[in-house]
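# I'd like to go over a predicted model; first the sequence, then the structure.
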Amino acid sequence: MSDPSQSATSTRDGAASDPPREFVPGLLLIGSGRREAGKTELACRILRRFAARFPLVGVKVTPIDPEGGEGGPIFEGPFRLSEEDGRIPGKDTSRLLAAGARRVLWLRVRRPELRAGLRALREKIGPGALVVAESSSLRALVDPDLFLMLQRPGPRQPKPAAGALAGFADRLVGFDGAGFDLDLAALDIAGGRWQLREPASAIVLAGGRSRRLGIDKSTLTIDGVRLIERVVGALRPHVREVLIGAADPARPELAGARTVVDRQPGLGPLMGLASCLAVSRSDRNLVAACDLPEIPAVLIERLLEEALCAEVSVPREADGNLEPLLAVYRRRLLPDIEHLLERGERRIRPLYSAHRVAYVELRALGLPALPNLNTPQDLAAFIAGRNGGPGRG
């Protein structure tokens, strides 16, 4: 974990009443929706995979509700922070040490004092550490490199806050009591940051009304191919699934893609993004509007790579113009997108001010401005350019 004084903060745009979430590079957080969901087992497997190459710190956080509940012995003050020695075999913290953690810290904290306990924990760990921490509650206070949220079917009731925190998960991980549906080979550490290199999903937003063009953009054909099929064809080699965000439930299905209807029509691309993120299987989501006739593969690859350590990656043209409808958005953004929608926002760009954004310069990739077919003039210029005319670019 880095020094708290040097960490960035992430706030929900315009929500002054919400406490800021601190960005904590080097932190992999494991939470769960119910007790005995396998957090320690997953933490141990991750430690065993990386401990030979990296000095890792294990952390267990046990919040204690004011009315009692789990938490171990009673203690004075707001929290107790101890460095574990592994003397008691079978104890969760002893298991973390046995799995290869160089140090293991246990924070027992009264829930209202969680932020104070977090400050003490970060000071104890020190800057620059790679940490594997068991905690759901910390996710409300921090933005880690990765948050893995375990799901285990069974009769036990989920924890009260589990539903809200699940939206912040980079990956919902199933556990059947023996194994996880997460391939640990997809986990990586690079530049002091945890990364999840699982395949991405593609989201093609096709819910616009195309007022300026006068017809449904997705039905346009170029070289005999519908525009939406061109977009899907450009994205498909880079992703594991394709979602089509649509405002109209009667939109025809596209072979090899799944249509996701906006939960509430008429609320613009932000609603389309939220509706698709809610059902996406992936941490990274490559979003494209259906009016982009040419999407260079080199740009797709760079956007996906940059999103491993950012929350958004977006192209920037030479004049500074951004293309928010050809960008990668992490699944963890869903709760903050929902918050923007509740405030009446319909655009995607206001999301950027509160999150870590990687800007991919088109000029550095040797690419011109990206063509968009918003008007009849745009369409005519694009076709003229393909036929040897001046075109755009």
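Sure, I can see it.
# in the chain, which spans are helices?
For the chain, applying DSSP state H gives helices covering 39-50, 92-98, 114-125, 162-166, 227-235, 268-277, 297-306, 334-342, 376-386.
# for the third one, packing partners?
Helices and strands touching helix 114-125, by 3 or more Cβ pairs under 8 Å, 6 or more residues apart in numbering; DSSP states H and E, are strand 56-64, strand 79-83, strand 103-110. C-beta coordinates here come from the backbone N, C-alpha and C atoms, glycine included.
# and these: which comes nearest Val298?
The closest of the helices and strands packed on helix 114-125 to Val298 is strand 56-64. By Cβ to Cβ, the value is 34.9 Å.
# what mean pLDDT does that closest one get?
The pLDDT scores in strand 56-64 average 96.
# so what's the most centrally placed residue in the chain closest to, chain neighbours aside?
In the chain, the residue lying closest to the centroid (Cα atoms, centre = their mean) is Arg330, at 2.9 Å. The shortest distance from Arg330 to any residue other than its chain neighbours is 4.8 Å, reached at Glu311 (Cβ to Cβ, 6 or more residues apart in numbering).
# how about the one you found, phi and psi?
phi -90, psi -20 (degrees, to the nearest 10).
# and it, what does it touch?
143, 329-330, 332-333, 355-357 (Cβ atoms under 8 Å, 6 or more residues apart in numbering).
# redo that, cut-off 7 Å
Residues in contact with Glu311 (Cβ atoms under 7 Å, 6 or more residues apart in numbering) are 330, 332-333, 355-356.
# drop anything exposed from the residues you listed.
330, 332-333, 355-356 (16 or more other Cβ atoms under 10 Å).
# now, among those, which is nearest to Leu277?
For the buried ones among the contacts of Glu311, the nearest to Leu277 is Leu333 (7.1 Å; Cβ to Cβ).
# for the closest one, which non-adjacent residue is spatially closest?
Closest to Leu333 by Cβ to Cβ, 6+ apart is Glu311, at 6.0 Å.
# next: Gly192.
Gly26 (5.6 Å).
# what of Ile295?
In space, Ile295 is closest to Ala234, 4.2 Å off (Cβ to Cβ, 6+ apart).
# next, count neighbours for the one you found.
20 (other Cβ atoms under 10 Å).
# okay, it: pLDDT?
Taking Ala234 on its own, its pLDDT is 95.
# what of Gly77?
89.
# can you verify my assumption that Leu130 contacts Phe54?
Yes - using Cβ atoms under 7 Å, Leu130 is in contact with Phe54, at 5.4 Å.
# neighbour count: those two, which is higher?
Ranked by neighbour count (other Cβ under 10 Å), Leu130 and Phe54 place Leu130 first, with 21 against 14.
# what's opposite that one in the beta bridge?
Note on Leu130: beta-bridge partners by DSSP bridges are Leu56.
# mind listing what it touches?
26, 54, 56-57, 189, 192.
# do the same with Pro144
24, 27-29.
# with distance to Ala202, pLDDT and neighbour count as extra columns, can I get these in a markdown table?
Putting the contacts of Pro144 into a markdown table (distance: Cβ to Cβ, whole Å; pLDDT from 0 to 100; neighbours: other Cβ atoms under 10 Å) gives the following:
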| residue | distance to Ala202 | pLDDT | neighbour count |
| --- | --- | --- | --- |
| Val24 | 29 | 97 | 23 |
| Leu27 | 28 | 98 | 28 |
| Leu28 | 26 | 98 | 25 |
| Leu29 | 27 | 98 | 29 |
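# still on that earlier bit, so can I have a markdown table of the helices and strands packed on helix 114-125 showing mean neighbour count?
Listed next are the helices and strands packed on helix 114-125 as a markdown table, based on neighbours: other Cβ atoms under 10 Å:
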| stretch | mean neighbour count |
| --- | --- |
| strand 56-64 | 24 |
| strand 79-83 | 16 |
| strand 103-110 | 22 |
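# pLDDT weak spots in the stretch 201-350 of the chain?
207-219, 250 (pLDDT under 70).
# separation between the residue nearest to Ala318 when sequence neighbours are not counted and Ile228?
Excluding the flanking residues, the one nearest Ala318 by Cβ to Cβ, 6+ apart is Arg363, at 5.0 Å. Separation of Arg363 from Ile228 (Cβ to Cβ, to the nearest Å): 28 Å.
# what does Thr62 give?
Thr62 is 50 Å from Ile228, by Cβ to Cβ.
# next one: Cys290
Going from Cys290 to Ile228 by Cβ to Cβ gives 5 Å.
# same check on Ile222?
From Ile222 over to Ile228 (counting by Cβ to Cβ), the distance is 11 Å.
# between these two, point out the one with more neighbours.
Neighbours were counted for Ile222 and for Ile228 using other Cβ under 10 Å; Ile228 has more, 23 against 16.
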